[in-house]
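Undergrad: Provide a 3D model corresponding to the input given below.
(2 chains)
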Amino acid sequence: SQTIHQWPATLVQPVGSPLSLECTVEGTSNPNLYWYRQAAGRGLQLLFYSVGIGQISSEVPQNLSASRPQDRQFILSSKKLLLSDSGFYLCAWSVLWDEQFFGPGTRLTVL
Amino acid sequence: KNQVEQSPQSLIILEGKNCTLQCNYTVSPFSNLRWYKQDTGRGPVSLTIMTFSENTKSNGRYTATLDADTKQSSLHITASQLSDSASYICVVTVNNDMRFGAGTRLTVKP
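TA: Down below sits the predicted model:
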């Protein structure tokens, strides 16, 4: 069966510090991978998606970036965090453009 | 204006009662409409999926309906349980693009 992992589960970072969130998927090959952000009381906002290694599409311009160094690994990064980067970050995978399965999420607080 | 609007924003009901959550959308046609359940601090989990031509789909105590004419979907929860406390998110997929509603926060009290 397929599983998706995200870490860390929670993170508190100062403004201006770097960020690296990791997501890995097991039990499937060549999945579509996605990064979402969910602000408190708001809907999910798609940040990035990837259809293959090294292929990243950005949906929202911001100070975040994503990379896919391996088939089942998706990384969300920032060189300098802003207060507005606080939120709940969710990674998801899908087979082609079918149903998306979400990871447990990372709660990021920028102080 | 968001293309997927959900109401109410939040809802409190007593355990054992039924409730109905609403989703109004403007995008049409679409590939499918899903209802997700998101427990606090967790990722969303799919409850139901309906294509454009379907008008009802059940998953245990959850029943989703779809009216393509009025562009409305509803999620009916029967005999609510404390574990139903969560956010319920309506998602409309247009081509390969998923449009998310902001969700309804349901609290079930004993």
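Undergrad: name the residue of chain B that lies nearest to chain A.
TA: With CB to the nearest CB as the measure, B:Gly43 is the residue of chain B nearest to chain A, at 3.0 Å. (Glycine included, C-beta is placed from N, CA and C.)
Undergrad: beta partners for whichever residue of chain A sits closest to chain B?
TA: Closest residue of chain A to chain B, CB to the nearest CB: A:Phe102 (3.0 Å). Per DSSP bridges, the residues bridged to A:Phe102 are A:Ala92.
Undergrad: please apply the same query to the one 5 residues further on.
TA: On the basis of DSSP bridges, A:Arg107 takes part in beta bridges with A:Thr10, A:Phe88.
Undergrad: equivalent analysis for B:Ile49, please.
TA: Under the criterion DSSP bridges, B:Ile49 forms beta bridges with B:Arg34.
Undergrad: quick check: buried residues in the helix or strand bottoming out on mean pLDDT in chain B?
TA: In chain B, the helix or strand scored least confidently by mean pLDDT, DSSP states H and E is strand B:97-100, which has a mean of 86. Neighbour counts over strand B:97-100 (16 or more other CB atoms under 10 Å in any protein chain shown) mark B:Met98, B:Arg99, B:Phe100 as buried.
Undergrad: now those in CSV, with distance to B:Ser87?
TA: Listed next are these as CSV, based on distance: CB to CB, whole Å:
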residue, distance to B:Ser87
B:Met98, 16
B:Arg99, 16
B:Phe100, 11
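Undergrad: contact residues of chain B facing chain A?
TA: Residues of chain B lying near chain A by CB under 8 Å from any CB of the partner chain: B:2, B:4, B:34, B:41-46, B:49, B:89, B:93, B:96, B:98, B:100-103.
Undergrad: of these, buried ones?
TA: For the residues of chain B next to chain A, a burial check counting by 16+ other CB under 10 Å picks out B:4, B:34, B:42-44, B:46, B:49, B:89, B:93, B:98, B:100-103.
Undergrad: A:Cys91: how many residues sit nearby?
TA: When neighbours are counted by other CB atoms under 10 Å in any protein chain shown, A:Cys91 registers 29.
Undergrad: so it touches A:Tyr34, yeah?
TA: Yes: with contact defined as CB atoms under 8 Å, A:Cys91 reaches A:Tyr34; the gap is 6.8 Å.
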